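> Please work out how this folds:
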Amino acid sequence: MDLSRPVLAGAVLVTAVAVGPWLARVAVRLAARDGAALPTPLRTGVMTAAFAALLAGAGELTGLRPATAGLAWAAGAAVVLASTDLAVHRLPDRVTYPSYAVCSTALLVDAAVHGTWGALLTAAAAGTTAVLVGGLGWFVSPQGLGLGDVKLLGLLGLVLGWFGWGVLMAGVFLGLLAGALVSVLLLATRRVGWRTAIPFGPPLLAGAVLALALGAVPPG
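Here you go, the predicted structure:
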């Protein structure tokens, strides 16, 4: 029997139960800009379950290695960013910037341990490219793509790029597709109008998760 799998499953469960409620509080307080705001039990349960699912996916994808710590941190950041963006159309730098640092450090340690230097360089190039392309999109249409979205694209470029350029392109495509489908659905049901701003962060994050789930293979 492979002991690493039950150990990993136990770690995921303990981490999700311990950290999930805290993530829910962080998201609500960032959205409300109120340090005393508290999430509802439903929000706490949903965010904890989502965090647990993402943690389990990260562990299943990469196993026990340094890069997994970066993916675990990105999972928590994704839950907080998606919740905050849905609530107030904002992707806080207080979540995005530390995620750059933690994910970069985890990938650097992984390269030192497993020799995945090529993947690290690809991740850095992909993150930089994603920021530049996103920045161009923001310059052309600031109403369609915010600076928070540009920073999120850079983070997703770093994480997805570690698995390869194909995974990054698939993630961006699936994110754009998810955003378009949600927009059409909301318009068709008259929940929004043509000029209504729609948060772009959750579709981008969903596309990244789908790309990792459908075809990502960790280097090394």
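> Does the longest helix that the chain contains pack against any helices or strands, and if so which?
Ranked by residue count under DSSP state H, the longest helix found in the chain is helix 4-32. Using 3 or more C-beta pairs under 8 Å, 6 or more residues apart in numbering; DSSP states H and E, the elements in contact with helix 4-32 are helix 41-62, helix 66-88, helix 93-114. In short, each C-beta sits where N, CA and C put it, glycine included.
> most neighbours per residue, which of these?
The highest mean neighbour count among those, using mean count of other C-beta atoms under 10 Å, belongs to helix 66-88: a mean of 23.
> any weak-confidence spans in this structure?
Per-residue confidence of the chain (counting by pLDDT under 70) places the weak regions at 1-5, 190-197.
> and if we set it to 80?
Along the chain, the model assigns pLDDT under 80 to residues 1-10, 142-144, 183-184, 186-198.
> So which residue is smack in the middle of it?
The centroid of the chain falls nearest to Ala78 when counting by C-alpha atoms, centre = their mean (3.7 Å).
> Name the nearest residue to it, sequence neighbours excluded.
Leu205 (4.9 Å; C-beta to C-beta, 6 or more residues apart in numbering).
> Quickly note the distance from that neighbour to His114.
26 Å (C-beta to C-beta, to the nearest Å).
> Kindly report the same for Arg29.
Following C-beta to C-beta, the distance that separates Arg29 from His114 is 37 Å.
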